[in-house]
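> Sequence and predicted model, in that order:
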2 protein chains.
Amino acid sequence: MKDVAALAGVGLATVSRVINGVPVDPHLTGRVLDAARQLGYRKDTAATSLRRADRRTNTIGLVLQDVANPFSSALHRAVEDVGVQRGLLVLAGSSDEEPDRERELLGVLRTRRVDGLIVVPTGASDGELAAAHRDGTPIVCVDRASPVPGLDTVTADNRGGVAGAVRALHDLGHRDIGFVADHSSLWTARERHAGFVQAAGATRPAWVRRDVHTAEAARQAVTEMFAAAPAPTALVTAQNWLTVGARRALVELGLHRTVAHVGFDDFPLADMLDPPVSVIAQDPAELGRRAALLLLSRLDGGTGPAAAVTLPTRYIARGSGEIPPPGR
Amino acid sequence: MKDVAALAGVGLATVSRVINGVPVDPHLTGRVLDAARQLGYRKDTAATSLRRADRRTNTIGLVLQDVANPFSSALHRAVEDVGVQRGLLVLAGSSDEEPDRERELLGVLRTRRVDGLIVVPTGASDGELAAAHRDGTPIVCVDRASPVPGLDTVTADNRGGVAGAVRALHDLGHRDIGFVADHSSLWTARERHAGFVQAAGATRPAWVRRDVHTAEAARQAVTEMFAAAPAPTALVTAQNWLTVGARRALVELGLHRTVAHVGFDDFPLADMLDPPVSVIAQDPAELGRRAALLLLSRLDGGTGPAAAVTLPTRYIARGSGEIPPPGR
DNA sequence: TAGGGTTGAGGAAACGTTTCCTGACGAGTG
DNA sequence: CACTCGTCAGGAAACGTTTCCTCAACCCTA
């Protein structure tokens, strides 16, 4: 920059003004731009954000469950797309549902003075998150409720989605409905369970399996559920991997055309299985987009109470959820 | 930091030493750490990398095709996992195969003085990439050959993978094999086509469809290919979305149990379709891991000529590729 | 024509670190 | 005992910007 100033024969301050688009004598502007081009000058982001009054880094931190998970990566992409329009770059990391890892990530993101944070919180009430909030860093929690009061949140209507699907099964004549859900430490798993209970009422405990975390575990759980004497006539699985595992079990038991099955969360190729899998779909991209927009409005100085956006889910009838109970 | 120094009653330099783990009088170390904890001090990354002799930012830039694409995100995760062990954070962005977007991304990453770059290059010979290389930024190209000479590359054996699959079909008795590939501007598409030509020799032009970019386009291409009078008895699709689109077409034509079909790149649920889809699988996570390791060795001062790592592909026989030609 | 007001560019301080250099102190040696 | 050498902590400069402040030049008005 010093070199550019020297070559253009102007002061340092003028170079800064030109680079930042502050209006300046057009003649000088030309000289500075020429000199900059000639020297291949690019301004240094570190120095810029160090000195600027607003300390902006034009970077936002994104803490996901796992960058490679389709839900997370769709969300990531949506955040990127919103950010790009503002020249924001995204620093993303995977917490793997581990509170320690989440804390660590939040720590380094804070150290880098990101302008804002979008977090899929693990749920363990988190000191780092609270500290960042106190520091005034705008934070949006997405997909799950915030462990820290006062943060903006964007979530899907997990409870209502499941309840709706269960009611649809009921209307079809199903009275005996099984349910498989993920770890109860996850807010989404608890919400989906609550939706199930709300719509299905009391059922046999053996038909409700919680804390099932992998496709393989779901396969086993469903195999056991349908091996026992009175078996449900319909099944709701509360997460996409669990849905896949459950379908595998149903196929192995030869029940995939007999037992109604609805999964939470859409997944690629769900329509190409036989029968095609009906799902309660949420829109991860929309979750990400709304979270990013919310963050931007805070970055623009938006004040006011914490927003709590709930996005609707959508039932996609593909066939597996429309199987009637035996004898109807 | 000034406050910490004052509270601990030491000089600024000593605080810096303690924070960076330079050995210092244990008594002072204790005082400094106490003061830092008490004041909630965290060092500022911007100022650090501005002043440090090596200018390290502990950040690497990752330019992918699309952060949300499963191949890309698996690669992303692998890079993250390698980086985490070194305290590196990943700035990821999506080029969407657009050279302009790629340039823009590389530009802002360069501005941020990332320590190194991992890029899935669009292929258009790129001035930014070359400039970054000249500046001494370590760069690794992954999945595709480098448009700039002298860069490390990590790629899969696309050509050999396809050739192997075609030979296997030949051994089964297939003589008429169709081929569907992505845009020829993509290095991988060209390589896979080359592998096909190498193993299949000359075929009817109508049976080789290139520049097919979406699942829907693949569906149409395959529909046309098998509607015409002499149709192939086997099909190779050179990308996972194309594979899905092709399978959809085969199902619609009622040929999915008659025509042998092999896809390039594995995809989730490939084993749950009927018949299960045989694929030539590459390992995106391993590609990412190797690229990241290569980058780290350069960051550690590793010198020497550009490495060109080629990872093998693996044929996964699931059924669809093992269908014999009619009459055998 | 002189004086006050306005505009706009240059100089220097500041952001929060690291690193160089100086100087004090203690130990070892002649 | 005096001198030199080595060790280690503190002060200040420097990294590349932005921003504050000063100051010169110009225009307008009395």
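Arrived safely.

> Just the residues contacting the helix or strand hosting residue A:62, thanks.
Following DSSP states H and E, one finds residue A:62 within strand A:59-64. With contact meaning Cβ atoms under 8 Å, 6 or more residues apart in numbering or on different chains, strand A:59-64 is reached by A:72-73, A:75-76, A:79, A:83, A:88-95, A:102, A:105-106, A:109, A:112, A:114-121, A:295, B:91. Heads up, the C-betas are built off the backbone N, CA and C, glycines and all.

> surely residue A:228 meets residue A:206?
Yes - Residue A:228 is within contact range of residue A:206, at 6.3 Å (criterion: Cβ atoms under 8 Å).

> Neighbour count: those two, which is higher?
Applying other Cβ atoms under 10 Å in any protein chain shown to residue A:228 and residue A:206 shows that residue A:206 carries more neighbours, namely 14 against 11.

> Please, where are all the strands along chain A?
Along chain A, the segments classed as strands by DSSP state E run A:59-64, A:89-94, A:116-119, A:139-142, A:152-156, A:177-180, A:208-209, A:234-237, A:260-264, A:278-281, A:308-311, A:314-316.

> how about the ones you listed in a markdown table, adding distance to residue B:190 and mean neighbour count?
A markdown table is the format used below for the strands of chain A (distance: least, Cβ to Cβ, whole Å; neighbours: other Cβ atoms under 10 Å in any protein chain shown):
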| stretch | distance to residue B:190 | mean neighbour count |
| --- | --- | --- |
| strand A:59-64 | 34 | 26 |
| strand A:89-94 | 31 | 24 |
| strand A:116-119 | 38 | 27 |
| strand A:139-142 | 40 | 27 |
| strand A:152-156 | 42 | 24 |
| strand A:177-180 | 45 | 26 |
| strand A:208-209 | 49 | 21 |
| strand A:234-237 | 42 | 29 |
| strand A:260-264 | 39 | 27 |
| strand A:278-281 | 37 | 25 |
| strand A:308-311 | 42 | 14 |
| strand A:314-316 | 38 | 15 |
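
> For residue A:36, find the nearest of those strands.
Across these, residue A:36 has its closest neighbour in strand A:89-94 (22.1 Å, Cβ to Cβ).

> Check which helices and strands that closest one is in contact with.
Identification of packing neighbours for strand A:89-94 by 3 or more Cβ pairs under 8 Å, 6 or more residues apart in numbering or on different chains; DSSP states H and E yields strand A:59-64, helix A:70-84, helix A:99-111, helix B:70-84, strand B:89-94.

> before we move on, the earlier item: is it possible to export the strands of chain A to CSV including distance to residue A:33?
Shown next, in CSV, are these (distance: least, Cβ to Cβ, whole Å):
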stretch, distance to residue A:33
strand A:59-64, 26
strand A:89-94, 25
strand A:116-119, 32
strand A:139-142, 38
strand A:152-156, 40
strand A:177-180, 63
strand A:208-209, 66
strand A:234-237, 60
strand A:260-264, 55
strand A:278-281, 50
strand A:308-311, 43
strand A:314-316, 51
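
> roughly how far is stretch A:247-262 from the heart of the chain?
Centre-to-centre, stretch A:247-262 and its host chain are 29 Å apart (Cα atoms, centre = their mean, to the nearest Å).

> how far away is residue A:142 from chain B?
Separation of residue A:142 from chain B (Cβ to the nearest Cβ, to the nearest Å): 15 Å.

> And the residue nearest to that residue when sequence neighbours are not counted, what's its pLDDT?
Nearest residue to residue A:142, sequence neighbours excluded (Cβ to Cβ, 6 or more residues apart in numbering or on different chains): residue A:291, at 4.2 Å. Predicted confidence (pLDDT) for residue A:291: 98.

> now residue A:328
In this model, residue A:328 is scored at 63, pLDDT.

> Kindly report the same for residue A:38.
According to the prediction, residue A:38 has pLDDT 93.

> Is it in contact with residue A:7, as I believe?
Yes - under the criterion of Cβ under 8 Å, residue A:38 makes contact with residue A:7 at 6.9 Å.

> the more surrounded of those two?
Just comparing residue A:38 and residue A:7: by other Cβ under 10 Å the higher neighbour count belongs to residue A:7, 17 against 12.

> Now that one. Nearest residue, chain neighbours left out?
Among residues not flanking residue A:7 along the chain, residue A:35 sits closest, at 4.0 Å (Cβ to Cβ, 6+ apart).

> repeat for residue A:70
Leaving aside its sequence neighbours, residue A:70 sits nearest to residue B:70 (Cβ to Cβ, 6+ apart; 6.5 Å).

> The one you found and DNA strand D: what is the separation?
Between residue B:70 and DNA strand D the computed distance is 39 Å (Cβ to the nearest atom of the strand, to the nearest Å).

> Check residue A:78 too.
Counting by Cβ to the nearest atom of the strand, the gap from residue A:78 to DNA strand D is 30 Å.

> Restrict stretch A:98-105 to CA atoms and write it as CSV.
What follows is stretch A:98-105 as a C-alpha-only set of coordinates in CSV (Å, rounded to 0.1, in the frame of the first residue of the first chain):
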residue,chain,number,x,y,z
GLU,A,98,-19.9,-33.7,21.0
PRO,A,99,-20.2,-30.7,23.4
ASP,A,100,-16.5,-30.5,23.8
ARG,A,101,-15.9,-30.3,20.2
GLU,A,102,-18.6,-27.7,19.9
ARG,A,103,-17.0,-25.6,22.6
GLU,A,104,-13.6,-25.9,20.9
LEU,A,105,-15.0,-24.8,17.6
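
> which residues make contact with that stretch from outside it?
A:61, A:63, A:93-95, A:119, A:121-124, A:126-128.

> hang on, the earlier thing: just so I know, which of the strands of chain A lies nearest DNA strand D?
strand A:59-64 (15.6 Å; Cβ to the nearest atom of the strand).

> need the contact list for the residue nearest to residue A:70.
If you count contacts by Cβ under 8 Å, 6+ apart, residue B:70 has them with A:68, A:70, A:73, B:240, B:267, B:268, B:284.

> Derive a PyMOL selection command for the buried subset of those.
In PyMOL, a selection of the buried entries from the contacts of residue B:70 looks like this (16 or more other Cβ atoms under 10 Å in any protein chain shown):
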select buried, (chain A and resi 68+70+73) or (chain B and resi 240+267+268+284)
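
> Within reach of DNA strand C, which of the contacts of residue B:70 are there?
Among the contacts of residue B:70, proximity to DNA strand C is found for none (Cβ under 7 Å from any atom of the strand).

> want to throw the contacts of residue B:70 into TSV with pLDDT?
TSV is the format used below for the contacts of residue B:70 (pLDDT from 0 to 100):
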residue	pLDDT
A:68	94
A:70	90
A:73	96
B:240	91
B:267	91
B:268	89
B:284	97
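
> Of the contacts of residue B:70, which is the nearest to residue B:197?
Nearest member of those to residue B:197, counting by Cβ to Cβ, is residue B:240, at 21.2 Å.

> what sits against the closest one?
Counting by Cβ under 8 Å, 6+ apart, residue B:240 makes contact with B:70, B:71, B:263, B:264, B:265, B:266, B:267.
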